[in-house]
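Visitor: Let's see this in three dimensions:
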Amino acid sequence: KEKQLELSPEAKFVTKESLREELDLLKNNFKFVRSQTFNKRQCTLGLGLFIVLSVIVNIVLGVCLYTNHTNQQNDATIIKGNERKISENKKMITDKVSFCAYKSSYTTLSTTVTYDKLTVDTNTFSSGGLDTATGIFTSPVSGLVSVSVYFSPDSIQGETATQTSVHIQKNGGNLEEGWISSTVQGKGGNDDESAGKTILLLLNKEDKVSVFMTDGYRLESITFCVHSI
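Guide: Residues are numbered from 1 along each chain as shown. Model (predicted):
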């Protein structure tokens with residue numbers, strides 16, 4: 001007796017077409033999963049690159065800010081230095097040193113000439129000046145000065161000629177360019193000769209300038225002047 005095959009309502013026959021559709025669906029699902037994994041890798045790589053670039057940008061920005069701050073400090077220092085120089089230059093323009101001393105007669109050889117009085121006395125600084133008792137000018141500030149010395153040499157009566165010489169001194173030393181010499185001959189006690197010169201000196205603060213009598217019989221009508229330039 002033949003047996004009949006009974007199929008339940010849920011049972012289906014598997015055909016080639018249905019199998020192909022199932023396989024295509026599995027392939028598509030696999031591609032989707034693979035694409036999602038690849039996208040995650042891309043996101044991770046992109047995030048890493050972003051972090052690296054952010055660090056580099058922050059470093060560059062920090063260097064730029066530090067450099068700018070340093071430049072600003074340097075500029076501020078330069079500005080302060082220039083302001084100080086401008087102030088000093090203004091002070092040099094407004095501040096003056098001007099002295100003239102007079103001596104009627106001087107006869108002591110190998111000594112610094114001293115003076116009877118000051119004919120000009122201008123000093124806007126708090127130190128320095130020309131001391132008539134010592135005959136020494138002390139510079140209150142560094143700078144260029146004009147130094148002038150003029151006198152009338154007197155000879156000894158009865159002698160044929162008398163050489164009279166003085167030196168302008170700086171800090172106690174004779175200046176070669178400060179040598180002044182005159183030779184006169186006395187005629188009945190009348191001498192009509194005069195001598196002198198003006199030189200420029202670059203002085204430091206506290207430098208000293210004076211006139212030293214080297215040779216001769218007598219100096220008359222001596223004038224010693226120092227003026228800042």
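
Visitor: Could you use CA atoms for every contact and neighbour count after this?
Guide: OK.

Visitor: so who does the residue nearest the centre of the chain touch?
Guide: With distances taken as Cα atoms, centre = their mean, the residue of the chain nearest its centroid is Gly81 (6.4 Å). Gly81 is in contact with no residue at all, counting by Cα atoms under 8 Å, 6 or more residues apart in numbering.

Visitor: per-residue pLDDT, it?
Guide: Looking at Gly81, its pLDDT is 82.

Visitor: State whether it is indeed within a helix.
Guide: Yes: when DSSP: H, G, I helix; E, B strand; the rest coil is applied, Gly81 is found to be in a helix.

Visitor: For Val184, which residues count as its bridge partners?
Guide: Thr162 (DSSP bridges).

Visitor: Surely it touches Asp154?
Guide: Yes: between Val184 and Asp154 there is a contact under Cα atoms under 8 Å: 7.2 Å.

Visitor: The two: which is more packed in?
Guide: Higher neighbour count among Val184 and Asp154: Asp154, with 28 against 21, using other Cα atoms under 10 Å.

Visitor: May I have the beta-bridge partners of the more buried one?
Guide: Arg218.

Visitor: Ala161 versus that one, what's the distance?
Guide: As for Asp154, its distance to Ala161 is 10 Å (criterion: Cα to Cα, to the nearest Å).

Visitor: The protein: strands as residue ranges?
Guide: In the chain, the segments counted as strands under DSSP state E are 97-106, 111-112, 117-123, 129-131, 136-138, 143-154, 162-170, 173-184, 195-203, 208-215, 218-228.

Visitor: which other residues reach the second one?
Guide: I take that to be strand 111-112. Thr134, Gly135, Ser210, Val211, Phe212, Met213, Thr214.

Visitor: nearest residue to the first one other than its sequence neighbours?
Guide: Right, Thr134. In space, and not counting its chain neighbours, Thr134 is closest to Thr114: 5.7 Å by Cα to Cα, 6 or more residues apart in numbering.

Visitor: so what's that neighbour up against?
Guide: With contact taken as Cα under 8 Å, 6+ apart, Thr114 is in contact with Lys103, Thr132, Ala133, Thr134, Gly135.

Visitor: try it again with 6 Å
Guide: Thr132, Ala133, Thr134, Gly135 (Cα atoms under 6 Å, 6 or more residues apart in numbering).
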